[in-house]
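K.L.:
Sequence below, structure please.
(chains A, B and C)
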Amino acid sequence: MIAAAPGVVADPGLRTRLADLYADYENTLNEGALERWPELFSTDCVYKILPKENQDAGFPIAVMHCESRDMLADRVVALRQTAFYVPRIMRLMTSGICLRRLADDGLYLTASFVMFQTMQNKPSDVFLCGAYQDRVIDDAGALRFAERQCIYDSTIVPLSLVYPI
Amino acid sequence: MIAAAPGVVADPGLRTRLADLYADYENTLNEGALERWPELFSTDCVYKILPKENQDAGFPIAVMHCESRDMLADRVVALRQTAFYVPRIMRLMTSGICLRRLADDGLYLTASFVMFQTMQNKPSDVFLCGAYQDRVIDDAGALRFAERQCIYDSTIVPLSLVYPI
Amino acid sequence: MIAAAPGVVADPGLRTRLADLYADYENTLNEGALERWPELFSTDCVYKILPKENQDAGFPIAVMHCESRDMLADRVVALRQTAFYVPRIMRLMTSGICLRRLADDGLYLTASFVMFQTMQNKPSDVFLCGAYQDRVIDDAGALRFAERQCIYDSTIVPLSLVYPI
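P.N.:
Numbers count the residues shown, from 1 in each chain, chains lettered A, B, ... in the order given. Next up is the predicted model:
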């Protein structure tokens, strides 16, 4: 269930549609269907991965910063064709999805995420955890992310950040 | 979605209200809004953090034991003003929230929690996991915790337990 | 909330029933009520635990492979009466439960799981994470698992796999 913050009225149908969007996002990444990942965003989206430390201090530097769906698609091409990295399995889990505000420019939501990483012949481990800060819009009948900020808790730059979160 | 145990009848509206309460609790702690935390409890609430080992053996000793909303508020003041501890970011995730019983004195629920801890310049890690055992009441139109027991799985006393769970 | 994949129509009542089944499964294992665990499966069920590596390569070898509810019950008897293992507490969390397909032979769902393990006098840790691939049927009015495959991400054989997932 998508929850709603105090005072936010959200009918069951909207909550269900949002739950389906979030599950679709999670499934897309967990199944490694990266080519489908940009489709979950609007064409002029913003996608960022940045540490909580920067976010809290108002520093704009992000580890990853894309400003359109095309940039996300570029990122996937780079990842598939040019990046060198040790094989790994990522597993994303999202929790506490909450509709915080309904505004003219979309639905504002927050959630927690944890990404588990499994390297070959190693046990699975926590890779990153943090919060999503999202703006979701109705894009010609389909809900899509117009903005997704992935704000991770750690102060360490995740050098091995290969896949999107 | 708040699930219900076999035989427990829970209409969608109640499940939604409960989902909103649980999300509110999680958000309050994850955002460090500790001053708001006691408001999620009834005035004469019970809040405990204790190891599963003690709970199973019937030993009452808890790592933290508060018997009113005022005691929770005191705890927050102590934490803000007198406690010394290394800065850290806690992230709480709740899962498997389930309505177990509707009784005259409230709604009985259980859930699993995991708390991730991130120290400065360290990777995020599992801090504690365990189960909530809750009693929720309708307190003049708002759902609130009349009782929340946080029963953690580990047998180690979590010396660095700073924040509530 | 049980989410549904794009194009899959699932009414709220079905989603609720599925949420209750998944919560029941999680509670049963987290409370150590192993004798009740086989009841959540149909009599001629399939239950498997296997690494993603084998699944992806089409190799059928599973760490655990049961082909009926009776085999699950046998497993529980073996675990209770003959297995030797160091005491531990397992905590299962399920996330991203999603209805992927409605077919003549049942409802196909996927989900992510993470199992935390706590040994005596040790901190809690990630034991295994991975994906469920499930087929659920309506078995004379009750939803039950006709098939549950637990596909874990790690390539290491979990030697200390004692409890079901």
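K.L.:
how about the residues of chain A near chain B?
P.N.:
Of all the residues in chain A, those in contact range of chain B (Cβ under 8 Å from any Cβ of the partner chain) are A:1-6, A:12, A:15, A:52, A:93, A:95-98, A:110, A:112, A:114, A:126-131, A:152-156. For every residue, glycine as well, the C-beta is placed using N, CA and C.
K.L.:
taking these one by one, which sit in strands?
P.N.:
Of the residues of chain A next to chain B, the ones assigned to strands by DSSP state E are A:3-4, A:93, A:95-98, A:110, A:112, A:114, A:126-131, A:152.
K.L.:
Count residues in the vicinity of the residue of chain A found nearest chain B, would you?
P.N.:
When you check chain A against chain B by Cβ to the nearest Cβ, the closest residue turns out to be residue A:3, at 3.2 Å. Residue A:3 has 28 neighbours, counted by other Cβ atoms under 10 Å in any protein chain shown.
K.L.:
Can you tell me the element the closest residue to it other than its chain neighbours falls in?
P.N.:
Spatial nearest neighbour of residue A:3, excluding adjacent residues (Cβ to Cβ, 6 or more residues apart in numbering or on different chains): residue B:23 at 3.2 Å. Here residue B:23, judged by DSSP states H and E, is contained in helix B:12-30.
K.L.:
Next: residue A:164.
P.N.:
Residue A:164 is part of no helix or strand when elements are defined by DSSP H and E.
K.L.:
residues touching it, list them.
P.N.:
Shown in contact with residue A:164 (Cβ atoms under 8 Å, 6 or more residues apart in numbering or on different chains): A:29, A:34, A:37, A:47, A:49, A:64, A:72, A:75.
K.L.:
For ChimeraX, what selects the buried ones among the residues you listed?
P.N.:
In ChimeraX syntax, the buried subset of the contacts of residue A:164 is picked out as below (16 or more other Cβ atoms under 10 Å in any protein chain shown):
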select /A:29,34,37,47,49,72,75
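K.L.:
Check the contacts of residue A:164 and tell me the two furthest apart.
P.N.:
Between any two of the contacts of residue A:164, the greatest separation by Cβ to Cβ is 15.0 Å, found for A:34 and A:49.
K.L.:
Return the residues of chain A in contact with chain C.
P.N.:
A:1-2, A:12, A:15-16, A:19-20, A:22-24, A:26-27, A:30, A:89, A:91-95, A:116, A:118, A:120-126.
K.L.:
What subset of those residues is buried?
P.N.:
Neighbour counting with 16+ other Cβ under 10 Å marks A:1-2, A:15-16, A:19-20, A:22-24, A:26-27, A:30, A:89, A:91-95, A:116, A:118, A:123-126 as buried within those.
K.L.:
Three-state assignment for the residue located most distally from the centre of chain A, please.
P.N.:
Within chain A, the residue lying farthest from the chain centre (Cα atoms, centre = their mean) is residue A:121, at 27.5 Å. Classification of residue A:121 by DSSP: H, G, I helix; E, B strand; the rest coil places it in coil.
K.L.:
Spit out the contact partners of it.
P.N.:
C:155-156.
K.L.:
Need the per-residue pLDDT for it.
P.N.:
As predicted, residue A:121 sits at a pLDDT of 92.
K.L.:
and if you look at residue A:1?
P.N.:
If you check residue A:1, the pLDDT there is 68.
K.L.:
The closest residue to chain C within chain A: what's it in contact with?
P.N.:
Closest to chain C within chain A is residue A:23: 3.3 Å, counting by Cβ to the nearest Cβ. Residue A:23 sits next to C:3-5, C:96-98 when contact means Cβ under 8 Å, 6+ apart.
K.L.:
could I get those residues as JSON lines with distance to residue A:137?
P.N.:
Putting those into JSON lines (distance: Cβ to Cβ, whole Å) gives the following:
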{"residue": "C:3", "distance to residue A:137": "19"}
{"residue": "C:4", "distance to residue A:137": "20"}
{"residue": "C:5", "distance to residue A:137": "21"}
{"residue": "C:96", "distance to residue A:137": "22"}
{"residue": "C:97", "distance to residue A:137": "25"}
{"residue": "C:98", "distance to residue A:137": "22"}
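K.L.:
can you pick the most crowded of the residues you listed?
P.N.:
Scoring the contacts of residue A:23 on neighbours with other Cβ under 10 Å, the highest-scoring entry is residue C:3 at 28 neighbours.
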